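[1] Fold the stuff below for me.
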Amino acid sequence: MEKIITFMIALAFSCSAFSQKKNFSYSFYGFVRGDLFYNTRANMAPVDGNFYLYPLDQELDADGKDINASPNGSFYTFTTRFGIDMKGPKIGKAESRAKVEVDFGGFSSSNTLLRIRQAYVALDWEKTSLLIGQAWHPLFGSVVPDVLNLSTGAPFQPFNREPQITFTWHNGGFDVLFSTLWQLQYLSSGPNGASEEYMKNSCLPELYAGVDYKYKNLIIGAGLHAISLKPRIYSIVTNEMGEELRFKVNERMTAFSCEAHMEYKYNKWRVAAKTLLASCLDHTALIGGYGISRIDPYTGEQEYSPIHHSTSWINFTYGNRWKAHFFAGFTKRLGSSKALVSDVQYGMGLDIDRLCSFNFAFSYNLPHWQIGLEYVPTIAYYGDTDLSNGRIVGTHDVTNHRILGLVMYYF
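    From the prediction side, this is the model:
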């Protein structure tokens, strides 16, 4: 902790020195955040339980009792955040800017660690802008839920920050955006677990193209996303003699997704919504992935089929100082493009047929302060995969009830 404080002080003095340069300015921002939560059962919840997604399936003991039906809870402050926005100087006709943002949500086996959330440079012209570095994934977008949980609507709302090159064209109320993206902290799944090797070996970045239209208090928009992975570069096959043979393979899994979103504000009201036809977006904290559609009997080379999901959410808020929040999210597995030949699937939540969640929250908001309480019931319907179409059959449901208390101080 002493090293971190020393780093922050040195950074502040460094920025003070730089600020003497002409047409250069900077501003600090961030918050101190504390989350107190309680769950009625075990959940898929990374970041040591703070990033809540959905309840885990039943795990029955020898007497038929569900081991996962055990409550849990804790209190954490490691999502406390610190950032610096920098502006200037001009480069030709372009305004330059940069951002560095960190929190303490990186984990070792026993300690919270400082991690980079965002780090990018950008150039802004009159009608265009160019961003290079790590920033929010464009699927996160300009319309996001206003809830208290750290997961910000995931696994119904995409949640991801990636290294990217993003070009935006501004024309009247329209923003047209094109992005190429690479993985770093949020990773796709595959034969070796979650890893960036599948995109590295693919040699193709993620691609996104989208448009937003903004008029007064209204935002409407849509986007298209493509991802192409190489799950393996070699296979291991056991022959009739029991010997393991390795074969170089040329495998690729490509998937496409689309989304649409809207937001409208009127007086103290705000309504927002987003819907996605999502394929292999597990690296954005959505349920999804892919399965195996063919296996070569000699080399073991595999072909893959993405698993498709329909995912939607809607969010209402009312108030300013006292604010009421309501969120509802629903995900349905639609199956695979091709029949599957194996129960092996790569991704997140691939034994879930459908998932629904509700957030009911109240918050008290003052300049620099937010205090709130949130209740989140979530129902997950688990089952088995029908290999003929990739859908889930024979479902049963499990439910988690989550209560969250939040206090934040903004600066």
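[2] give me the beta-bridge partners of the closest residue to residue 77 other than its chain neighbours?
    Nearest residue to residue 77 in three dimensions, chain neighbours excluded: residue 34, at 4.8 Å (Cβ to Cβ, 6 or more residues apart in numbering). The way it works is simple: take the backbone N, C-alpha and C, and place the C-beta from them, glycine included. Taking DSSP bridges, one finds residue 407 as the beta-bridge partners of residue 34.
[3] Tell me who's in contact with residue 34.
    For residue 34, the contacting residues are 75, 76, 77, 406, 407, 408, by Cβ atoms under 8 Å, 6 or more residues apart in numbering.
[4] how close does it sit to residue 371?
    Spatial separation of residue 34 from residue 371 under the definition Cβ to Cβ, to the nearest Å is 10 Å.
[5] Can you check which residues contact both of those two?
    Counting by Cβ under 8 Å, 6+ apart, the common neighbours of residue 34 and residue 371 are 406, 407, 408.
[6] Now, of these, which are buried?
    Neighbour-count burial (16 or more other Cβ atoms under 10 Å) applied to the shared contacts of residue 34 and residue 371 gives 406, 408.
[7] Would you convert the shared contacts of residue 34 and residue 371 into JSON lines that also reports distance to residue 82 and pLDDT?
    JSON lines is the format used below for the shared contacts of residue 34 and residue 371 (distance: Cβ to Cβ, whole Å; pLDDT from 0 to 100):
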{"residue": "406", "distance to residue 82": "18", "pLDDT": "97"}
{"residue": "407", "distance to residue 82": "17", "pLDDT": "97"}
{"residue": "408", "distance to residue 82": "14", "pLDDT": "97"}
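[8] Which of the helices or strands spans residue 207?
    Counting by DSSP states H and E, the secondary-structure element that holds residue 207 is strand 206-215.
[9] Counting by contacts, list what the next helix or strand after that strand packs against.
    The element immediately downstream of strand 206-215 (helix or strand, assigned by DSSP H and E) is strand 218-229. The helices and strands touching strand 218-229, judged by 3 or more Cβ pairs under 8 Å, 6 or more residues apart in numbering; DSSP states H and E, are helix 197-202, strand 206-215, strand 253-266.
[10] Now the element after strand 218-229, going C-ward?
    Note on strand 218-229: by DSSP H and E, the next helix or strand toward the C-terminus is strand 234-238.
[11] In terms of pLDDT, where does residue 115 sit?
    Looking at residue 115, its pLDDT stands at 89.
[12] let's number from 34 now, not from 1
    Sure thing, new numbering starts at 34, so read that last one as residue 148.
[13] Am I right that it falls within a strand?
    Yes. The assignment for residue 148 is a strand, going by DSSP: H, G, I helix; E, B strand; the rest coil.
[14] That one bridge partners, please.
    With DSSP bridges applied, the residues forming beta bridges to residue 148 are residue 136.
[15] From residue 155, how far out is it?
    21 Å.
[16] swap in residue 386?
    When distances are taken as Cβ to Cβ, residue 386 and residue 155 turn out to be 42 Å apart.
[17] same check, this time on residue 434
    From residue 434 across to residue 155, the span is 42 Å (Cβ to Cβ).
[18] in stretch 241-255, what's buried?
    With burial defined by 16+ other Cβ under 10 Å, the residues of stretch 241-255 counted as buried are 241, 243, 245, 247, 252, 254.
[19] Quick check: mean pLDDT of that stretch?
    Computed over stretch 241-255, the mean pLDDT rounds to 97.
[20] Please dump the helices and strands packed on strand 251-262 into JSON lines; it should also carry distance to residue 88 for every row.
    Conversion of the helices and strands packed on strand 251-262 to JSON lines gives the following (distance: least, Cβ to Cβ, whole Å):
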{"stretch": "helix 230-235", "distance to residue 88": "28"}
{"stretch": "strand 239-248", "distance to residue 88": "29"}
{"stretch": "strand 286-299", "distance to residue 88": "25"}
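[21] what's the neighbour count on the residue lying closest to residue 263 once chain neighbours are set aside?
    Taking Cβ to Cβ, 6+ apart as the measure, residue 263 lies nearest to residue 234, with 4.0 Å between them; neighbours along the chain are not counted. Residues within reach of residue 234, counting by other Cβ atoms under 10 Å, total 17.
[22] With that, I have no additional questions.
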